[in-house]
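J.: A structural model of the following input is requested.
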Amino acid sequence: QNHLKMIKKESSFYLDCMRSIWVSKYSCSKCNDPIFRKSPFRKYFRHKEYLVTNDDKKCILHCQKDDWYEVEDNNRKSWKKSKDKILFFWKILDKYLRRSKENCYLENIIFPIFYIETNFTYKHVIKKNITILNCRFLDGMKFQHTTFEGNLTLLSLNSKDEFVFDYCNFNKEVYCELNHKEITSFEAKNIDLTFENCKFNENFLMYELDFSDCSLSFENTMFNNLVDFHNTTFGNVNFTNTRFNDFAVFTDCIFHKPLNLRNTIFKGEANFLDIKFTQLSNQETSRLIKHQFEKLNNKIEANKYHALEMEQHRRNNFESLKNSFLFDKEISFENILNSTISCFHWLSSNHSSNWVYPLLWIFAISFITTWSLGFEITINNSFKYINILSKIEDFNSSYIAMTLNKVSLGYLYYQFLTAVRKDTRK
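T.: Predicted coordinates:
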């Protein structure tokens, strides 16, 4: 009996020790980082997490995960060996999200692969305000069929992988800032941020950012409220089948790659004032921007893009004519006529945008007329043949010379007046 008591006592001591170890608390240096006092994750984490992280200073949310995956021959990451760890990671994160109050800050988290089985990322309604700050995504970030009922704030995205929002609804404001003021060592490069088949019902703010080395896509996406991109620098940007139903701001934006708005719909007004671009991809893009300036009664900028639209029209006609010659296609008279008129319009006044061109051509016509009639080229004769009221006697009674002179001068005077008045007419 004494022996049994001793065994029982030792067993009890052993169980107490194990229980003590199991419930022992570890402090995560990142969860309690003084820089991020707004919303500490947890003061402590349990021994169960320590068995996964093998780091008594990092919880499962912040621990290094480079040994959780293997790189395959095609450079893709395989996470098969760590499936249990990954599910445990999402379980802890989901628990934190549920316990958070109105605002939820995800700071310095190192994310493994996004599994669609997790409630947080797939077919889920997130009612809290989410802030993602300086997190690392080892295999990209993807939200599918998710509804954000609270504000979404993306601060200091830090990865070379894709960030994808697919079939997501945003019912509150979305704000993106690549460089957070508290993180000075961060540099945004090779970020691929994609919004596909999404709907934004409140303000979308992505201003004063540098996407020069990044890719940004808004395909089949609808904005129902203010969109603010002002003073943002874009690299690759895609607005295919994007619909802006309210005011859109592109003021002072810089586009390092060709801008294509051919399949973009603007139901509200858009401001493209002082944008800089290497190239507009097509005539429709120039026409669309011109139309937006006309809606804002900005005639000066509208005329600028009208000239770009006409120049693109001339190039399209020339390319069509050239392809017809090269590939033995039928050449239509209409195409020849349009190409000729566009060429004259371009040569005479750069599509009514430069009054110096027609003025030079007027004097050129005068010199050609004087030379063809056999007269000495003098200042007096030069001014005689720029006078549209000159008589038949001045042309050696040649109606052909007079007709060609007056028709040319009439056309050039019209181009001159149009170019002069382009920025002054109401």
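
J.: going forward, measure contacts between C-alpha atoms and count neighbours the same way
T.: OK.

J.: how far does the longest helix along the chain sit from its chain's centre?
T.: Longest helix in the chain, counting residues (DSSP state H): helix 299-326. Here the centre of mass of C-alpha atoms in helix 299-326, compared against the chain's by C-alpha atoms, centre = their mean, to the nearest Å, lies 25 Å away.

J.: what's the first helix or strand after it?
T.: Under the assignment DSSP states H and E, the closest C-terminal helix or strand after helix 299-326 is helix 333-349.

J.: now do the helix or strand just after that next one against helix 333-349, angle only.
T.: Following helix 333-349 in sequence order, the next helix or strand is helix 356-372 (DSSP H and E). Helix 356-372 and helix 333-349 are oriented at 100 degrees to each other (axes from the mean of the first three to the mean of the last three C-alpha atoms, to 10 degrees).

J.: ok so, going back, which elements pack onto the longest helix of the chain?
T.: The elements that helix 299-326 packs onto, with contact taken as 3 or more C-alpha pairs under 8 Å, 6 or more residues apart in numbering; DSSP states H and E, are helix 283-295, helix 333-349.

J.: how about the shortest one: buried residues?
T.: Of the residues in helix 283-295, those with enough neighbours to count as buried (16 or more other C-alpha atoms under 10 Å) are 283, 284, 285, 286, 287, 288, 289, 290, 291, 292, 293.

J.: just the strands in the stretch 1-150 of the chain please.
T.: According to DSSP state E, counting those that start in this stretch, the stretch 1-150 of the chain carries its strands in the segments 25-26, 45-46, 70-71, 77-78, 103-107, 110-111, 125-126, 129-133, 136-137, 141-144, 147-148.

J.: and of these, who's closest to residue 93?
T.: Smallest distance to residue 93 across these (C-alpha to C-alpha): 9.3 Å, for strand 103-107.

J.: can you tell me the strand partners of that closest one and which way each runs?
T.: Partner strands for strand 103-107, per DSSP bridges, with pairing direction: strand 129-133 (parallel).

J.: in the partner strand, which residues are buried?
T.: Buried-residue list, strand 129-133, by 16+ other C-alpha under 10 Å: 129, 130, 131, 132, 133.

J.: how much space separates residue 296 from residue 251?
T.: Per C-alpha to C-alpha, to the nearest Å, residue 296 is found 13 Å from residue 251.

J.: so those two - more neighbours on which side?
T.: residue 251 (19 against 12; other C-alpha atoms under 10 Å).

J.: confidence score at the residue nearest to residue 342 when sequence neighbours are not counted?
T.: Nearest non-adjacent residue to residue 342, counting by C-alpha to C-alpha, 6 or more residues apart in numbering: residue 314, 5.3 Å away. Here, the pLDDT recorded for residue 314 equals 84.

J.: and residue 314, how many neighbours?
T.: 23.

J.: same deal with the one 10 residues further on?
T.: Around residue 324 there are 14 other residues, counting by other C-alpha under 10 Å.

J.: distance to residue 47 and mean pLDDT added to the helices and strands packed on helix 299-326, as JSON lines?
T.: Below are the helices and strands packed on helix 299-326 laid out as JSON lines (distance: least, C-alpha to C-alpha, whole Å; pLDDT from 0 to 100):
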{"stretch": "helix 283-295", "distance to residue 47": "60", "mean pLDDT": "92"}
{"stretch": "helix 333-349", "distance to residue 47": "77", "mean pLDDT": "80"}
